[in-house]
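Engineer: sharing a model prediction with you, sequence too.
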Amino acid sequence: MGILLKEGAAGGAVPFLNVLEIKTQRDQRDSTDLLPYLPKYRRMFTKLHPNHVYTKTIQLPLVSF
């Protein structure tokens, strides 16, 4: 998961987006990663503790296939 830090692409030959990557330190995803963000499902989310969340600023290249 990530948050777009700046609107629009930057860069030269290979444009990229500046993104703040947010992830847990779990190696595998589980069913709580797929729950919709609705109040009735909120109790089913895994509780996150600040020392279990990893953040990193990344440059995500925009490539066409």
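Structural biologist: Sure thing, it's come through.

Engineer: doesn't residue 43 belong to a helix?
Structural biologist: Yes: counting by DSSP: H, G, I helix; E, B strand; the rest coil, residue 43 is found in a helix.

Engineer: so who does the residue nearest to residue 61 when sequence neighbours are not counted touch?
Structural biologist: Excluding its sequence neighbours, the residue lying closest to residue 61 (C-beta to C-beta, 6 or more residues apart in numbering) is residue 16, at 4.8 Å. Heads up, the C-betas are built off the backbone N, CA and C, glycines and all. Residue 16 is in contact with 9-10, 59-62, counting by C-beta atoms under 8 Å, 6 or more residues apart in numbering.

Engineer: distance of the residue of the chain positioned farthest from its centre relative to residue 63?
Structural biologist: No residue in the chain sits farther from the centre than residue 13, which is 25.2 Å out by C-alpha atoms, centre = their mean. Here the criterion is C-beta to C-beta, to the nearest Å. By it, residue 13 lies 11 Å from residue 63.

Engineer: quick one: contacts for the residue minimising distance to the centre of the chain?
Structural biologist: In the chain, the residue lying closest to the centroid (C-alpha atoms, centre = their mean) is residue 1, at 1.6 Å. Shown in contact with residue 1 (C-beta under 8 Å, 6+ apart): 21-23.
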